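Engineer: Provided below for reference: sequence and predicted model.
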Amino acid sequence: PKALNAARTMAAMGILAIVMFVGVTALAIIADVRVTESACDLVGFPSAGCADAPQRTVIAQIAAAVFGGDHTFLFYYIQVSTALILILAANTAYNGFPLLASILAQDRFMPRQLHTRGDRLAFSNGIILLASIAAILIYAFDGSTTRLIQLYILGVFTSFTLCQVGMVRHWSRELQHAVDGRERRRVHQARIINAFGACFTGVVLVVVLITKFTNGAYLVVIAVPLLFLMMRGIHRHYTRVRDEMLPDKESTITPSRVHAVVLLSTLHKASLRAIAFARATRPDTLTAITVNVDEADTLTLRRQWDDFDTRIPLKVLESPYREITRPVVDYVKNIHRASARDIVCVYIPEYVVGRWWENLLHNQSALRLKGRLLFLPGVMVTSVPWQLHSSESRAKPRVEHVPGEIRRGLGAED
């Protein structure tokens, strides 16, 4: 059973931790190990640059004392083993935090992106988030384990204390339903053990918080309330959005009329495609608009429009300050203001390019305009793409491999 297996594992880990801690402490006392906050306080340590000089860890000093120096094979064996254990310990965070973040995201206390698994069936977003936070902490603390350990100690004993208090509450609820005398004694005993643990871990938490407050522990005092408020704010947002998006009868009402507006700058293939698509939707009204920011360009567009004979009216919006977004937004507002049940659909032709730097040369006005139109009620924005030749390489089909395809006998050609 999982519970029994977990209990045995935790008991073995606890015994190992106690034995190793007692052994390391005894050997440190026997070997006269010395570690201070500043290396300048150590007798015999080189005085030149001692303020920033790294000190040997307790494990390194014990290994050197036990195995006869810092150049023996067993000394290096201990160092390598310690590093591997630390790597394994760091990996547990990448196993635990993404899963915890996924659970919180499922309950709407974290962004929903943390709930989904990636292509490798791992919580990729949680792993990336944890790696980013770790990188920021390492940079902010200059990679100093002496300063970072304060955050670790507070985090560990905070979680220990909360877990023990949670178990006390759990056993208190179990005691209300326990009828058998033997069962009640077992629950009482378990509650006493967890209460004892909660008291001791709580005392350690308070002591560390007070003594290490100025050494970096204050960051935890600031971060924990901020994280709590952030998660409560995320939960309130998701709750508000869910309540706001509940279906009602008004959501099924059909618009009385649909006004289609095609935005033009010049007459080209992308513009004609947008007009053709807008006409195919059979709106009640269809109008092409352009903003007069340059008289010569506007006259050229009018002449091309008359020669091409699209049989759609072209309306020119004046813009004395050569601004595109505001005249279009005002025009759309005026159409929707005439009837609240009308829908205005704005069609915007856009270029599709294949290179990232080409995006900087196109579609900037369209992005700004869409950003404003999306906030207007009763307005729909439709992008009509036109693929340039540079995008053809991106359109080629790419073989996507999925986990387990080799086991199922699927080859690359499949």
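Structural biologist: That came through, no problem.

Engineer: Kindly provide the distance from residue 176 to residue 88.
Structural biologist: The spacing between residue 176 and residue 88, counted by CB to CB, to the nearest Å, is 41 Å. No exception for glycine: its C-beta is placed from N, CA and C like everyone else's.

Engineer: Output stretch 7-21 as CSV - backbone C-alpha positions only.
Structural biologist: Extracted in CSV, the C-alpha atoms of stretch 7-21 (Å, rounded to 0.1, in the frame of the first residue of the first chain):
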residue,chain,number,x,y,z
ALA,A,7,5.8,5.6,6.0
ARG,A,8,8.6,3.0,5.8
THR,A,9,10.5,5.2,3.4
MET,A,10,10.2,8.3,5.6
ALA,A,11,11.3,6.3,8.7
ALA,A,12,14.4,5.0,6.9
MET,A,13,15.2,8.5,5.6
GLY,A,14,14.7,9.9,9.1
ILE,A,15,17.0,7.3,10.7
LEU,A,16,19.7,7.9,8.0
ALA,A,17,19.5,11.7,8.4
ILE,A,18,19.9,11.4,12.2
VAL,A,19,22.8,9.0,12.0
MET,A,20,24.6,11.1,9.4
PHE,A,21,24.0,14.3,11.2
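
Engineer: Quick check: mean pLDDT of that stretch?
Structural biologist: Average pLDDT, stretch 7-21: 94.

Engineer: Show me what the helix or strand harbouring residue 335 is packed up against.
Structural biologist: Taking DSSP states H and E as the criterion, the element that holds residue 335 is helix 325-338. Judged by 3 or more CB pairs under 8 Å, 6 or more residues apart in numbering; DSSP states H and E, helix 325-338 is in contact with strand 258-263, strand 285-292, strand 314-318, strand 343-352, helix 364-373.

Engineer: Contacts only, for residue 353.
Structural biologist: Listed by CB atoms under 8 Å, 6 or more residues apart in numbering, the contact set of residue 353 reads 359, 362, 388, 390-391.

Engineer: Restrict the worst-scoring helix or strand of the chain on mean pLDDT to CA atoms and write it as CSV.
Structural biologist: Here the helix or strand of the chain ranked lowest by mean pLDDT, DSSP states H and E is helix 356-359, holding a mean of 82. Below are the C-alpha coordinates for helix 356-359, written out as CSV (Å, rounded to 0.1, in the frame of the first residue of the first chain):
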residue,chain,number,x,y,z
TRP,A,356,11.2,37.2,-37.7
TRP,A,357,12.8,40.5,-38.7
GLU,A,358,10.3,40.9,-41.5
ASN,A,359,7.5,41.2,-38.9
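
Engineer: from the contacts of residue 353, which would you call buried?
Structural biologist: Among the contacts of residue 353, those classed as buried by 16 or more other CB atoms under 10 Å are residue 391.

Engineer: Among the contacts of residue 353, name the ones in helices.
Structural biologist: residue 359 (DSSP state H).

Engineer: Dump the contacts of residue 353 to CSV, plus distance to residue 164.
Structural biologist: Formatted as CSV, the contacts of residue 353 follow (distance: CB to CB, whole Å):
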residue, distance to residue 164
359, 54
362, 60
388, 63
390, 62
391, 59
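
Engineer: So which of the contacts of residue 353 are in strands?
Structural biologist: Among those, no member falls in strands (DSSP state E).

Engineer: And the contacts of residue 353, which is closest to residue 334?
Structural biologist: For the contacts of residue 353, the residue nearest residue 334 by CB to CB is residue 362; the value is 28.9 Å.

Engineer: what helix or strand does the most far-flung residue of the chain relative to its centre sit in?
Structural biologist: The centre of the chain is farthest from one residue, residue 307, which by CA atoms, centre = their mean lies 53.6 Å away. Per DSSP H and E, residue 307 falls inside helix 295-308.

Engineer: Name the residues of that helix that are buried.
Structural biologist: For helix 295-308, the buried set under the neighbour-count rule, 16+ other CB under 10 Å, comprises 298, 301, 305.

Engineer: mind checking the end-to-end distance for stretch 247-257?
Structural biologist: Taking CA to CA, to the nearest Å, stretch 247-257 runs 22 Å from one end to the other.

Engineer: can you map out the helices along the protein?
Structural biologist: Ranges of helices within the chain are 2-30, 58-66, 73-106, 124-140, 145-177, 181-211, 217-244, 269-280, 295-308, 325-338, 356-359, 364-373, based on DSSP H.

Engineer: Tell me what angle the fifth one forms with helix 73-106.
Structural biologist: Helix 145-177 and helix 73-106 meet at an angle of 50 degrees, taking axes from the mean of the first three to the mean of the last three CA atoms, to 10 degrees as the criterion.

Engineer: Quick one: distance of helix 145-177 to the chain centre.
Structural biologist: Averaging C-alpha positions (CA atoms, centre = their mean, to the nearest Å) puts helix 145-177 25 Å from its chain's average.

Engineer: Next up, phi/psi of residue 72, please.
Structural biologist: phi -90, psi 160 (degrees, to the nearest 10).

Engineer: got the contact list for residue 147?
Structural biologist: The contact partners of residue 147, by CB under 8 Å, 6+ apart, come to 141, 215-216.

Engineer: Mind putting those into a markdown table with distance to residue 332 and neighbour count?
Structural biologist: What follows is these, written out as a markdown table (distance: CB to CB, whole Å; neighbours: other CB atoms under 10 Å):
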| residue | distance to residue 332 | neighbour count |
| --- | --- | --- |
| 141 | 52 | 17 |
| 215 | 58 | 15 |
| 216 | 54 | 18 |
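
Engineer: Show me which of the contacts of residue 353 is closest to residue 54.
Structural biologist: Sorting the contacts of residue 353 by how near they are to residue 54, with CB to CB, puts residue 359 at the top with 47.1 Å.

Engineer: Now do the helix holding residue 335 against strand 258-263, angle only.
Structural biologist: Between the axes of helix 325-338 and strand 258-263, defined by the same axes, to 10 degrees, the angle is 170 degrees.

Engineer: and helix 325-338, what's its mean pLDDT?
Structural biologist: Across helix 325-338, the average pLDDT comes to 90.
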